[in-house]
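[1] structure for this input, please:
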Amino acid sequence: MAMTQQQRDEKAALKRKSVGEEELRLRVRPGTKQALAELMAWAEIEEQGEALTVMIHRLHELGPDRARPLLLVPRHEYRPSRTVARLFAEKSMLIIGKDPGDEIISPVMQA
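    I've put the predicted structure just below:
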């Protein structure tokens, strides 16, 4: 006799528990979803979970020295122009000047 859906679900849950399987959830923005979709298409993978698992294992195979550059989060650095820095400093001084007792430290102008 065939198993019912409930029996299949219980059997699958027991198997997941016995092998220590966990569910990981991931929220992504449209750009990340599109990048994953393209990676999946390139590798002809249909399941997102499979694609993520393969990528994690392949990245891990590289080892710490070769994987680290791929895992670094790009950081944006903003360096204001001298004009913007000067205007900001002037505006700050006006605001600070309204509250006597605040210490005023002039910004160092960079070339």
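[2] CA atoms for contacts and neighbours, from now on please.
    Will do.
[3] show me the contacts for the residue nearest the centre of the chain.
    Centroid-nearest residue in the chain, with CA atoms, centre = their mean: residue 73, separated by 7.1 Å. Contacts for residue 73 (CA atoms under 8 Å, 6 or more residues apart in numbering) come out as none.
[4] which element is it on?
    Residue 73 is part of no helix or strand when elements are defined by DSSP states H and E.
[5] and it, how far from residue 43?
    24 Å (CA to CA, to the nearest Å).
[6] buried set for the longest helix along the chain?
    Longest helix in the chain, counting residues (DSSP state H): helix 82-97. For helix 82-97, burial by neighbour count (16 or more other CA atoms under 10 Å) applies to residue 85.
[7] report the distance from that helix to the chain centre.
    34 Å (CA atoms, centre = their mean, to the nearest Å).
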